[in-house]
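>>> sequence and predicted structure, then a few things I'm wondering about:
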Amino acid sequence: MCVIINSNFKTTDLKISILSTSDDLEKEAKAFDERIEERTKAGFIPDVRRAVKCEYFYKSFFRDPYLIKLFLQEEINYFLEMLKKYSYPGARILDVGCGSGYISLELARSGYHVTGIDISSKVIDVAKKTLESNPFKDGFGSLKYHVSSFDEFDGKFDVVLFCGIIHHIRNPEKAILGALDMLNPTGLLMCEEPSHERWRKQDAAQVALIRSLLSLTGNWYETSLGEDLLEQENFPEYIDDVYTEYVSERDKDEKNGQSPNDNSSNGRQILEVLRKHFDELDYTLGVSFIYRMLGGLRGEDNQIQKIASLLTTYDKYCVENGFMEPNRFYYIGQKNS
């Protein structure tokens with residue numbers, strides 16, 4: 001199903017297929033169905049307040065509740081801060097590609113009326129079950145989940161949220177115009193997306209050094225890495241591996257990454273389109289490396305927490321001072337009235 005858009009259309013007449021074919025959608029849904037099944041079988045609970053340790057995640061912050069709060073809660077706090085600053089209590093929010101509902105749930109707990117949509121039926125099943133067992137009901141707004149692609153979903157909202165979604169789309173402008181159509185006058189678009197194209201080999205070299213030092217102290221999951229890199233000739237290949245890992249969002253031996261359509265568009269393309277169609281309220285640089293570092297830490301809990309906090313502080317300092325390039329960005333835009 002190829003979509004052709006006439007340059008004379010109005011956004012109110014637009015119906016978008018944000019992925020190019022129905023086959024793309026099926027592959028995406030299948031990938032996320034399989035992934036959530038594996039995670040839930042391993043004991044995964046998609047709730048920042050009720051998360052438990054999950055050894056299934058060998059290098060993801062999802063393996064430990066402390067790491068989830070250290071990284072993911074920061075993201076949630078940013079969105080809540082922006083909503084408080086630019087929206088209003090009880091706003092209606094559409095969370096596009098909501099996944100298992102981490103962010104949707106926290107937004108609803110803060111009094112917002114949230115609708116979460118995702119193309120994965122099994123992911124939505126998990127999100128619904130997590131919602132049903134939610135014990136934190138004081139101040140709760142509302143939350144509904146639907147199995148749906150963005151182009152098939154109708155409604156009007158005060159806020160549309162894309163968190164790590166637009167880069168799965170080959171033509172990001174289609175999705176962003178779709179958000180414009182669904183927003184009420186002066187509504188907000190909030191997003192967080194990768195900016196892998198900014199990352200450099202020197203950023204990868206810093207990560208390679210940090211990991212090798214952690215390995216030598218017994219605090220990295222690849223226990224022999226530090227010893228291997230004592231030989232200088234091994235460093236260039238490992239730096240290349242790290243660079244590829246971060247830019248492609250997959251490990252060296254991982255074939256498909258997060259999904260078949262991952263990295264279909266880059267951060268620079270996405271940001272250009274956002275600025276074309278929205279009045280910019282906020283643009284914030286995200287982290288550089290910790291999101292693929294925290295889950296690889298090993299050791300006693302107290303030790304891991306200290307190292308994770310130090311690395312997080314170092315990451316922020318390096319990005320803020322231009323010593324490392326960010327691998328993420330946040331954007332808040334307002335629809336023209």
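Alright, I've got the coordinates. Just so it is clear, the model here is predicted, and its values are computed rather than measured.
>>> how many other residues sit next to Arg63?
If you count neighbours by other Cβ atoms under 10 Å, Arg63 ends up with 23. Quick note: C-beta positions are derived from backbone N, CA and C, even for glycine.
>>> mind listing the helices for the stretch 1-150 of the chain?
Assigned by DSSP state H, counting those that start in this stretch, the helices in the stretch 1-150 of the chain fall at 22-41, 65-86, 102-109, 121-132.
>>> the ones you listed: which one's closest to Tyr238?
Proximity to Tyr238 (Cβ to Cβ) singles out helix 65-86 among the helices of the stretch 1-150 of the chain, at 23.5 Å.
>>> measure how the closest one sits relative to helix 102-109, angle-wise.
Counting by axes from the mean of the first three to the mean of the last three Cα atoms, to 10 degrees, helix 65-86 lies at 50 degrees to helix 102-109.
>>> returning to that earlier point: which of the helices of the stretch 1-150 of the chain sits most buried?
Mean neighbour count, computed with mean count of other Cβ atoms under 10 Å, is highest for helix 102-109 among the helices of the stretch 1-150 of the chain, reaching a mean of 25.
>>> list the helices and strands the lengthiest strand in the chain packs on?
Counting residues, the longest strand found in the chain (DSSP state E) is strand 183-194. The contact analysis (3 or more Cβ pairs under 8 Å, 6 or more residues apart in numbering; DSSP states H and E) places strand 183-194 against helix 65-86, strand 157-163, helix 172-182, helix 267-277, strand 328-334.
>>> in the sheet, who's paired with Asp118?
Val147 (DSSP bridges).
>>> if I look at it, how far off is Phe235?
Applying Cβ to Cβ, to the nearest Å, the value for Asp118 to Phe235 is 41 Å.
>>> and for Asn184, the neighbour number?
Residues lying near Asn184 (other Cβ under 10 Å) number 14.
>>> how much space between it and Phe79?
From Asn184 to Phe79 the distance is 18 Å (Cβ to Cβ).
>>> nearest spatial neighbour of Gly333, skipping sequence neighbours?
Phe278 (2.8 Å; Cβ to Cβ, 6 or more residues apart in numbering).
>>> excluding its backbone neighbours, what's nearest Pro65?
Closest residue in space to Pro65, ignoring its immediate chain neighbours: Ala51 at 4.2 Å, by Cβ to Cβ, 6+ apart.
>>> list the contacts of the one you found.
Contact partners of Ala51, counting by Cβ atoms under 8 Å, 6 or more residues apart in numbering, are 45, 62, 65, 68-69.
>>> Leu72 against Ser60, yeah?
No: using Cβ atoms under 8 Å, Leu72 is not in contact with Ser60; the gap is 10.6 Å.
>>> and stretch 88-96, what's buried?
Along stretch 88-96, these residues count as buried under the neighbour rule (16 or more other Cβ atoms under 10 Å): 91-96.
>>> how near is Tyr317 to Leu294?
Where Leu294 is concerned, Tyr317 sits at a distance of 16 Å (Cβ to Cβ).
>>> so which residue is dead centre in this structure?
Geometric centre of the chain, nearest residue: Gly164, 3.8 Å, by Cα atoms, centre = their mean.
>>> ramachandran angles for that one?
phi 70, psi 40 (degrees, to the nearest 10).
>>> about what we covered before: how about a markdown table for the helices and strands packed on strand 183-194, with distance to Glu132 and mean pLDDT added?
As requested, the helices and strands packed on strand 183-194 are arranged in a markdown table below (distance: least, Cβ to Cβ, whole Å; pLDDT from 0 to 100):
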| stretch | distance to Glu132 | mean pLDDT |
| --- | --- | --- |
| helix 65-86 | 21 | 95 |
| strand 157-163 | 22 | 97 |
| helix 172-182 | 27 | 93 |
| helix 267-277 | 34 | 94 |
| strand 328-334 | 31 | 97 |
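>>> for Ser309, find the nearest of those.
Of all those, helix 65-86 sits nearest to Ser309, with 6.9 Å by Cβ to Cβ.
>>> helices or strands up against the closest one?
helix 102-109, strand 157-163, strand 183-194, strand 279-285, helix 301-320, strand 328-334.
>>> and that helix with strand 183-194, angle?
150 degrees.
>>> what's helix 65-86 in contact with?
48, 51-53, 61-62, 91, 93, 102-103, 106-107, 110, 112, 159, 161, 163, 188, 190, 192, 281-282, 284, 287, 290-291, 294-295, 297, 301, 304-305, 308-309, 312, 330, 332, 334.
>>> these, buried ones only, as a ChimeraX selection?
Remark: buried members of these, expressed as a ChimeraX selection using 16+ other Cβ under 10 Å:
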select :48,51,61,62,91,93,102,103,106,107,110,112,159,161,163,188,190,192,287,290,291,294,295,297,304,305,308,312,330,332,334
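>>> distance to Lys41 for the helices and strands packed on strand 183-194 - can I get that in CSV?
Below are the helices and strands packed on strand 183-194 laid out as CSV (distance: least, Cβ to Cβ, whole Å):
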stretch, distance to Lys41
helix 65-86, 19
strand 157-163, 25
helix 172-182, 32
helix 267-277, 33
strand 328-334, 29
